[in-house]
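> Give me a 3D structure for the following:
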Amino acid sequence: MLVNVEISKQYATGEILDRMLKTEGYRTAKLASDKLGINPNSGRRCLSVYRSHSKSNVSLTDIKDDRPPQDITDEALENLLELARLTQIEMMKIDPVITHLDIDLSSAKGAQAFLLAGCMQTGGRWTFHDFIRQQLQKAVSHPAVWIGFFGDDIENFKSGTFAGAMSQYEQALQPPLQRRAWELFLDTVKDRVRWATWSQHGSMWDERDGFTYIKKLYLDRHIPFFDGFGYIKLRVGAQEYQVAVSHEFPGSSMYNKTHAQKRALWQRFPLADVIAQADKHQYAISEEDVYGLEVAAGSRKSPFVHLVQIGTAKAGPDKYTIRGWEPGTAEWPWLVLYPDKHLVKMTRHFEDVMMWVGNPETSRTNGKRKAA
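Numbering: from 1, shown residues only. Alright, predicted model coming up:
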């Protein structure tokens, strides 16, 4: 309603300015705005609103041959800038890009768990599809368990990717069926998914066509999707945790599987409790104490940070991988956060999770998400 009122005011002012320019001898929108006592930029916007809503705007006869060239340029520029602004607004509606996310589990009475799942590679020849199903079934078996996805949702080998013809032909499902399979997987767990991230297989290769199908699957289900790094403020009971996520952070090391996460801690997320990525198809968790002086100063809640490397469901000895790397490791970690003390636990054993989160009734909560 307020937007409509504002547009009406702009339209009325623009109508006056248009009349001043056409019939009262004012050569530019600035001169007419000065006469009305309004900011020239505001005057140009009002003029643009009026002309874009006026039927006379579509008539070529309104462009008089005797109008000075700078006036035509001035009007054209304002129209283009207004068009750009409106297009930007619409693009953010259909393709929102977020970097931060608030997840509110403050009503939780007990510990809350998160399955950190990545590199599903659905439809690949060397993918353990039963592993995907079993892990997701575990996640929905308890009301205090949630899911964060870390990309490479489907194998997606097709023309234009780095894969050769053999990799394309030997996929267990071709890309259209891979997308359908992942959509069915997602529909079974969508109420538990708190976020998802970009990746090469699942989204980046599709961007060459100007559309990311996998991102749309998540957005259609109101699941926040990170096109790059994501920083999550996660409230569990009375505690607030900082979790940095991405399909991949910059950096790698032949000796340290969590090198990229450590680099992200130093360069970008010094207050993080957890930094997690996928991509490498290997599994590693490093718990370290950091920034003790920041803890003493009250900036960090805890000196401990967990650096997490998520495994994969593509664990078979595919020919591309074993020419230069170890076969993938079929392991996804479980993250557990406590509501009454600032405590992070991680494990690869679901039995530990069930012991830590306790009775389903005391752990139940309604999680809310808010992207920023």
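
> The residue nearest the centre of the chain pairs with what?
Note on the chain: the residue nearest the mean C-alpha position is F226, at 1.6 Å, using C-alpha atoms, centre = their mean. With DSSP bridges applied, F226 shows beta-bridge pairing to I98, T197.

> Which parts of the stretch 1-150 of the chain are strands?
Taking DSSP state E, counting those that start in this stretch, the strands of the stretch 1-150 of the chain run over residues 98-105, 112-117, 145-149.

> how about the first one: buried residues?
By neighbour count, and taking 16 or more other C-beta atoms under 10 Å as the criterion, the buried residues in strand 98-105 are 98, 101, 103-105. Heads up, the C-betas are built off the backbone N, CA and C, glycines and all.

> For it, name the packing helices and strands.
strand 193-197, strand 225-236, strand 368-371 (3 or more C-beta pairs under 8 Å, 6 or more residues apart in numbering; DSSP states H and E).

> Deepest-packed of those strands, please.
Highest mean neighbour count of those: strand 193-197, a mean of 25 (counted as mean count of other C-beta atoms under 10 Å).

> Can you report how many residues neighbour V308?
Using other C-beta atoms under 10 Å, V308 has 25 neighbouring residues.

> Over to the one 3 residues further on?
Residues near G311, counting by other C-beta under 10 Å, number 24.

> List the contacts of it.
118-119, 281-283, 328-333 (C-beta atoms under 8 Å, 6 or more residues apart in numbering).

> ok so, going back, shouldn't the residue nearest to the centre of the chain be in contact with W198?
Yes. At 6.2 Å, F226 counts as touching W198 under the criterion of C-beta atoms under 8 Å.

> which residues are common contacts for those two?
Joint contacts of F226 and W198 (C-beta under 8 Å, 6+ apart) are S246.

> hmm, back to that, need the buried residues of strand 98-105 in JSON lines with distance to E294 and pLDDT, can you?
Below are those laid out as JSON lines (distance: C-beta to C-beta, whole Å; pLDDT from 0 to 100):
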{"residue": "I98", "distance to E294": "27", "pLDDT": "94"}
{"residue": "L101", "distance to E294": "23", "pLDDT": "96"}
{"residue": "I103", "distance to E294": "23", "pLDDT": "97"}
{"residue": "D104", "distance to E294": "25", "pLDDT": "96"}
{"residue": "L105", "distance to E294": "25", "pLDDT": "96"}
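
> a markdown table please, covering those residues and showing distance to R44.
Converted to a markdown table, the buried residues of strand 98-105 look like this (distance: C-beta to C-beta, whole Å):
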| residue | distance to R44 |
| --- | --- |
| I98 | 32 |
| L101 | 37 |
| I103 | 43 |
| D104 | 43 |
| L105 | 48 |
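
> farthest pair in those residues?
I98 and L105 (18.8 Å; C-beta to C-beta).

> What's the separation between Q168 and D152?
Going from Q168 to D152 by C-beta to C-beta, to the nearest Å gives 16 Å.

> Ok, Q121 next?
Taking C-beta to C-beta, one finds Q121 at 6 Å from D152.

> Overlap in contacts, the two.
The contact lists of Q121 and D152 share 201, 312, where a contact means C-beta under 8 Å, 6+ apart.

> domain ranges for the chain?
2-94, 98-371 (automatic domain parsing).

> Out of those domains, indicate the one that is most buried.
It is domain 98-371: most buried of those by mean count of other C-beta under 10 Å, with a mean of 19.

> Lowest-scoring secondary structure element of this structure by mean pLDDT?
When the helices and strands of the chain are scored by mean pLDDT, DSSP states H and E, helix 360-363 comes last with a mean of 66.

> With distance to M354 added, can I get the strands of the stretch 1-150 of the chain in TSV?
Putting these into TSV (distance: least, C-beta to C-beta, whole Å) gives the following:
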stretch	distance to M354
strand 98-105	18
strand 112-117	9
strand 145-149	9
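
> quick one, which of the ones you listed is nearest to L271?
So among the strands of the stretch 1-150 of the chain, strand 98-105 is nearest, using C-beta to C-beta, at 12.9 Å.
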